[in-house]
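K.L.:
pasting a predicted model and its sequence here:
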Amino acid sequence: MALSARSLPHPNLDRFARRHRLTITPYNGDNTIAYLRAVRSWRGAGLAAGGALSLYFLGNLNFPFLLYGWLAGVLVSEIQLAAARPRFFGERLRLTPRALTIGWRLSALLCWGVLAVLVVGSFSREMVMPERLWAAIPAFVLLAVHLVLRDLHRRAVPAGTSDLVGAEFAARLSSARTLMAFGIAAALWPAFGFISAELPTPVPPVALGPVAVPGPVQFAGIVNNPVRWALYPNPNRPATFAEADTRGPLALSGDGIHVIYRQLDTGRLVHRDLRKRDVREIAGTGEVLLSHDGAYATVGATLVHTPTGSATPLPGVARVIGIGGSRIVATTGRRTLPGALPTELVTFDPQGKVVSRAPFDPSLDVRLSPDGNTLAVVTSADVLTMDPATAKVLTRKPLKLPGPSHELALLGWSADGRRLLLRADLEETDSSGHYLIDPRTGTARRLEDWPDPGQTVVAGRVT
């Protein structure tokens, strides 16, 4: 920045003078050159910083990063120039055309309105940190642009000769028009981005190579050397799934044929039918769940029809429990410790309309059956089934494991909807593992070929 400000090319000064019909004289030359040097150096530094951050976080040059970096440089230069001048406020100056002023105000109001809706919506659905960051940056940038524009319009022109006053007016005119024009772009870009993200837009498939998985996947796990997801159609024969990012979510359908994962190369969340060669991008952020047949998925509080990629928001949802039959079951509160106030158990149809509501204990870890007719809960002593429409207990049986447990985790249902898949860390280490539980009797059968409870396992087709 110091090198760029050391000298000012004559074409820059001449172009500025011609654009504003300004005559450079000994009385205004120093002020004009100081203005152009500050603007040139800070804008260049902001653009370079935006490009560096884009390359660091994304690996490529991204337009929003460049736009906000350059605009941050404009703001810093104006704040620096304003700090070096007297703070006398006079009559409001008219520095920009009326159409540009109206466009700026409307675009800023649109962006702030969208951000307000996003903030309100964040209390009822999961929002990841990058989304929160992109919601905060435009709000702060637009507020800074508004305050700097207000200062440019209302700060009195210093007393002096006509050529000095003309140079001051030309500098403010140039700054105000630049801030408004690029402020409009900075406002509309995230506004339209957030609006388009909420619309149900089908995403075209992207062709990839075939995956050598002979038959439905029983479960998926992470393997080493190198660290990759692996799909297990047979517990003894893993198939490396190298295109999935182990730092992102991965979900399998109950039939073991459909998978949702984050692509390692692009960072996109996609759905794939393992029998086909193409993938389809999935909208939404948050926890991922798939229906038994893979026709529907939820990402956070968004319901996705996987064959088309169309997305439907589920209003008021904090946690989705499962998708079964033609029913999506969710709660209005996140899972908490025992003793918390009850929330609501809500069921939706595939169009996103509410079918039923019932009081619900948010401390329960429940799983929905493939047909959508039963919820299951496993405690250290019992296995229970519940009605998803009313949250009333249907059956309660004693849990018959080989011994006392340190930790239990209910992973889902078997493919036929008659058994529950349970991960059990028992006091007798040799007995720890994955069990199939019969909710009608509470009896348990250990899956001998499955990994030990300490490994990350995503269940697929369980028989």
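P.N.:
Ah, there it is. Numbers count the residues shown, from 1 in each chain.

K.L.:
low-confidence bits of the stretch 1-150 of the chain, can you list those?
P.N.:
Within the stretch 1-150 of the chain, the ranges that satisfy pLDDT under 70 run 1-9, 57-59, 84-93, 118-135.

K.L.:
at 80 instead, please
P.N.:
1-14, 19-23, 26-29, 31, 56-60, 62, 64, 82-96, 112, 114-139 (pLDDT under 80).

K.L.:
for it, what spans make up the helices?
P.N.:
Shown for the stretch 1-150 of the chain, the helices assigned by DSSP state H, counting those that start in this stretch span residues 2-5, 10-19, 29-58, 63-83, 98-122, 129-154.

K.L.:
between helix 63-83 and the helix or strand following the last one, find me the angle.
P.N.:
Okay, so that is helix 129-154. With elements assigned by DSSP states H and E, the helix or strand that comes after helix 129-154 is helix 162-198. Helix 162-198 and helix 63-83 are oriented at 150 degrees to each other (axes from the mean of the first three to the mean of the last three C-alpha atoms, to 10 degrees).

K.L.:
packing partners for helix 162-198?
P.N.:
With contacts taken as 3 or more C-beta pairs under 8 Å, 6 or more residues apart in numbering; DSSP states H and E, helix 162-198 sits against helix 10-19, helix 29-58, helix 63-83, helix 98-122, helix 129-154. C-betas here are computed from N, CA, C, even on glycine.

K.L.:
so where is the stretch 251-400 of the chain shaky, pLDDT-wise?
P.N.:
277, 284, 337-340.

K.L.:
let's see it at 50
P.N.:
For the stretch 251-400 of the chain, no stretch has pLDDT under 50.

K.L.:
now do the helices in it.
P.N.:
Counting by DSSP H, counting those that start in this stretch, the stretch 251-400 of the chain has no helices at all.

K.L.:
picking that back up, please work out which of the helices and strands packed on helix 162-198 is packed deepest.
P.N.:
Mean neighbour count (mean count of other C-beta atoms under 10 Å) peaks for helix 63-83 among the helices and strands packed on helix 162-198, with a mean of 19.

K.L.:
now the angle from it to helix 29-58?
P.N.:
Note on geometry: by the same axes, to 10 degrees, helix 63-83 and helix 29-58 are set 150 degrees apart in direction.

K.L.:
so for the longest strand along the chain, what gets flagged as buried?
P.N.:
The longest strand of the chain (DSSP state E) is strand 405-413. Neighbour-count burial for strand 405-413, counted by 16 or more other C-beta atoms under 10 Å, picks out S405, L408, L410, G412, W413.

K.L.:
and the very next helix or strand once past that strand, what does it pack against?
P.N.:
Sequence-wise, the next helix or strand downstream of strand 405-413 (DSSP H and E) is strand 420-426. Applying 3+ C-beta pairs under 8 Å, 6+ apart, one finds that strand 420-426 contacts strand 375-378, strand 405-413, strand 433-437.

K.L.:
who touches the second one?
P.N.:
Contacts of strand 405-413 from elsewhere in the structure, counted by C-beta atoms under 8 Å, 6 or more residues apart in numbering, are 254, 365-370, 376-380, 419-427, 434, 453, 457, 459, 462.

K.L.:
can I get the buried part of those residues as one ChimeraX selection?
P.N.:
Per 16+ other C-beta under 10 Å, the buried members of the contacts of strand 405-413 correspond to this ChimeraX selection:
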select :254,366,367,368,369,370,376,377,378,419,420,421,422,423,424,425,426,434,453,457,459,462
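
K.L.:
returning to what we had before: lowest pLDDT pick from the buried residues of strand 405-413?
P.N.:
Ranked by pLDDT, those bottom out at S405 (82).

K.L.:
how much space separates that one from L421?
P.N.:
Using C-beta to C-beta, to the nearest Å, we find S405 at a distance of 15 Å from L421.

K.L.:
still on that earlier bit, okay if I get the helices and strands packed on strand 420-426 as CSV plus distance to V141?
P.N.:
Listed next are the helices and strands packed on strand 420-426 as CSV, based on distance: least, C-beta to C-beta, whole Å:
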stretch, distance to V141
strand 375-378, 46
strand 405-413, 44
strand 433-437, 51
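
K.L.:
identify whichever of those lies nearest to A358.
P.N.:
strand 375-378 (10.8 Å; C-beta to C-beta).

K.L.:
determine the set of other helices and strands touching that closest one.
P.N.:
strand 366-368, strand 382-386, strand 405-413, strand 420-426.

K.L.:
now distance to G286 too, for these, in CSV please.
P.N.:
Converted to CSV, these look like this (distance: least, C-beta to C-beta, whole Å):
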stretch, distance to G286
strand 366-368, 17
strand 382-386, 24
strand 405-413, 18
strand 420-426, 22
